[in-house]
Each structure stands twice: as structure tokens, then as C-alpha cells.
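**Student:** okay, sequence plus prediction incoming.
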Amino acid sequence: QQQVKQSPQSLIVQKGGISIINCAYENTAFDYFPWYQQFPGKGPALLIAIRPDVSEKKEGRFTISFNKSAKQFSLHIMDSQPGDSATYFCAASSSSGASKLTFGTGTRLQVTL
Amino acid sequence: DGGITQSPKYLFRKEGQNVTLSCEQNLNHDAMYWYRQDPGQGLRLIYYSQIVNDFQKGDIAEGYSVSREKKESFPLTVTSAQKNPTAFYLCASSPRGEKLFFGSGTQLSVL
């Protein structure tokens, strides 16, 4: 079964620190790796995404690092802020599109003052 | 104001009752999806539809049914056959591609 394993389940980071969330996948056909951010009582929203032709993608304080040989990718949140407190989901799919997105189990991030 | 509207925000189901969750989008997206979210289990795909009058089962379709009579609408019925319906239900849409746009969800609970 296609799986995406996400860790940790929860994370507490001080304001200004770096938050790191990791995901690992098994299916080598996966070629699209998005991260979604979800606030309580809301639907997830796309945060950042990467394809395996690059090893890193940065958008503001958010960076995806991708290791194709290890079949792992991670989200780094630099200078973490209390407003970043949310649940983060990694996901992966092959070229067949969003209908085949497989989600990780989520990481609840809390950024403390 | 474009987006995806899910209603109601909270819904309660009695034993043996079918309930329908509404999902409407004005983004002109072709594809629509229903996901179920349980604590610690991520998002699991229930049904999806890529065009009007056509839909496919996802990973956990048993006990659910859908219709897609209009491009804008993709209602989900939770039938009495779904024995563990308590969950947060998310509707999403996407243009031709991978990016999903989610609604704000419906929390379904059993009385």
C-alpha cells in the first residue's frame, strides 16, 4: 500500500526557533510533494510544494528539503512564529494528479512565546 | 468571493439515519473530492469526481454515496451503513493539476 509516513506527531518550538517536520515515502513513482497547513476548524491550505528535479525549495520562511535517494522530504520553518501554530500535512502523488494524493498523518505544531 | 462552501458546519446523525453534507464551489474547477479526517489519521479519500455525472470511489467509500449533477455541487451522503461516521469531513476541488482547494469542513457526530 502506498504510504507517506510523517513525524513527529506533535512539536513544540519556541518563538524564533526552527521547526522541522519529516516525511518518508515508499512509492518511487511519486513525483509531487506538497505540504498543507491546517488551522483548527478550517480546511487545509497548500503551503509549498516540490518536485524531485530539485533538492530544495524556499518560499519565505518555509523550505522543503528533498532527498530522492533516501525517499524523504522535510519542511523547515525558520524563525517560527506563534501564528505558525497549526497542523501540517505532507502528501505525495504521481503524475495522475490530486485524486491520487496520499497524505501523511499530520504534525501538530505549537510555537510558544 | 470565490471558494468552496461546506454546510452545515456541525451535523448530528441519529442511529439508522442518512445525512447529506453539502459542498458548493464557484472556482469553476472540474474536479471535486471528499475527504474524511480523523485525529491522528490524516486525510483519507472517500470519493472524487473529475467531470459532471461521473465519480469514482476513493480509499474508504463504503457507507457513503455522492452525486455530481452540476459542476458546482458535490454532495456527500453518509448512509446508515457507515457504522463509524463521527469525523471531520472536508470537501475540496482542483483545476486540472494537483493543487487542492479545501472548504472549511463539516463536523459530523452521532447522537
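**Tutor:** Cool, the structure landed. Numbers count the residues shown, from 1 in each chain, chains lettered A, B, ... in the order given.
**Student:** what's the neighbour count on the one residue in chain B that gets nearest to chain A?
**Tutor:** Closest approach between chain B and chain A, counting by CB to the nearest CB: residue B:102, at 3.0 Å. All C-beta atoms are positioned from the backbone trio N, CA, C, and that covers glycine. For residue B:102, the count of nearby residues is 22 (other CB atoms under 10 Å in any protein chain shown).
**Student:** next, the contact list for it, please.
**Tutor:** By CB atoms under 8 Å, 6 or more residues apart in numbering or on different chains, the contact list for residue B:102 reads A:43-45, B:4, B:90-92.
**Student:** excluding chain neighbours, give the residue nearest to it in space.
**Tutor:** Residue nearest to residue B:102 in three dimensions, not counting chain neighbours: residue A:43, with 3.0 Å by CB to CB, 6 or more residues apart in numbering or on different chains.
**Student:** how about residue A:12?
**Tutor:** Nearest to residue A:12 is residue A:110, by CB to CB, 6+ apart, at 4.9 Å.
**Student:** from chain B, how far out is that neighbour?
**Tutor:** 16 Å (CB to the nearest CB, to the nearest Å).
**Student:** so which strand or helix has that residue?
**Tutor:** strand A:107-112 (DSSP states H and E).
**Student:** okay, the spatially closest residue to residue A:52 that is not a sequence neighbour: pLDDT?
**Tutor:** Spatial nearest neighbour of residue A:52, excluding adjacent residues (CB to CB, 6+ apart): residue A:68 at 5.1 Å. Reported pLDDT at residue A:68 in the predicted model: 93.
**Student:** now, which of the contacts of residue B:102 lie within strands?
**Tutor:** Among the contacts of residue B:102, DSSP state E puts A:45, B:4, B:90-92 in strands.
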